[in-house]
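J.: Sequence below, structure please.
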Amino acid sequence: MNQKELLEHHKQICGDAYELMKKKNHDYAGKDGTTPFANFEKAEMMGLCSTESGMMVRILDKISRITTYIDAGELKVENEGYNDAVIDLVNYLVLFSGYIKSKDKKAPKFPKRAG
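T.: Numbering: from 1, shown residues only. Here you go, the predicted structure:
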C-alpha cells in the first residue's frame, strides 16, 4: 500500500464509521438525537460505573477482538470481521471525545487543519 492508497483507505474507514455512527446513534439515543450518549449514561444511572468507564469497557471489548484477530488470524463471528471492530473502535473513541467535550467546556478544541 502506498501513501495515496493509505489516505484513500483512511477516507473510506472514516466515511464508513460516520455512516454507522448515524444509524447506531439513532437506535441507541433515540430519533430526536438529544441524548447521543444515553446508552452509556444508563450505566452510571444504574450505579454500575461512570459514563466514561462504560465507554472504556466498550473500547476494550473492541481492542480484545482485534487482539484475538492478531493472535488467531481469524474471528469466528460471521459478518463481523476485524474491520468492523476497527470501525466500532473509531466510533467509540469519537463518542468518548464528544462526551468529554460536552462535559468540559475547557476540553481541547479541534481546529480545522490545513491540507
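J.: Contacts for the worst-scoring helix or strand of the chain on mean pLDDT, please.
T.: Scoring the helices and strands of the chain by mean pLDDT, DSSP states H and E places helix 38-45 at the bottom, with a mean of 92. For helix 38-45, the surrounding residues in contact (CB atoms under 8 Å, 6 or more residues apart in numbering) are 28-30, 35, 49-51, 53-55, 58, 95, 99. C-betas here are computed from N, CA, C, even on glycine.
J.: hmm, 6 Å instead?
T.: Helix 38-45 has contacts (CB atoms under 6 Å, 6 or more residues apart in numbering) with 28, 29, 49, 50, 51, 54, 55.
J.: Can you name the element that comes right after that helix?
T.: helix 51-72 (DSSP states H and E).
J.: The helix or strand following that next one: how far from the chain's middle?
T.: Next in sequence after helix 51-72, counting helices and strands by DSSP H and E, comes helix 82-103. Its chain's average C-alpha position is 2 Å from that of helix 82-103, according to CA atoms, centre = their mean, to the nearest Å.
J.: Buried residues, helix 82-103. List them.
T.: 82, 84-92, 95-96, 99 (16 or more other CB atoms under 10 Å).
J.: Include pLDDT and distance to residue 72 when you put those residues into JSON lines, please.
T.: Below are the buried residues of helix 82-103 laid out as JSON lines (pLDDT from 0 to 100; distance: CB to CB, whole Å):
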{"residue": "82", "pLDDT": "93", "distance to residue 72": "11"}
{"residue": "84", "pLDDT": "94", "distance to residue 72": "16"}
{"residue": "85", "pLDDT": "95", "distance to residue 72": "13"}
{"residue": "86", "pLDDT": "96", "distance to residue 72": "16"}
{"residue": "87", "pLDDT": "97", "distance to residue 72": "20"}
{"residue": "88", "pLDDT": "96", "distance to residue 72": "18"}
{"residue": "89", "pLDDT": "97", "distance to residue 72": "18"}
{"residue": "90", "pLDDT": "97", "distance to residue 72": "22"}
{"residue": "91", "pLDDT": "97", "distance to residue 72": "24"}
{"residue": "92", "pLDDT": "97", "distance to residue 72": "22"}
{"residue": "95", "pLDDT": "96", "distance to residue 72": "28"}
{"residue": "96", "pLDDT": "96", "distance to residue 72": "27"}
{"residue": "99", "pLDDT": "95", "distance to residue 72": "32"}
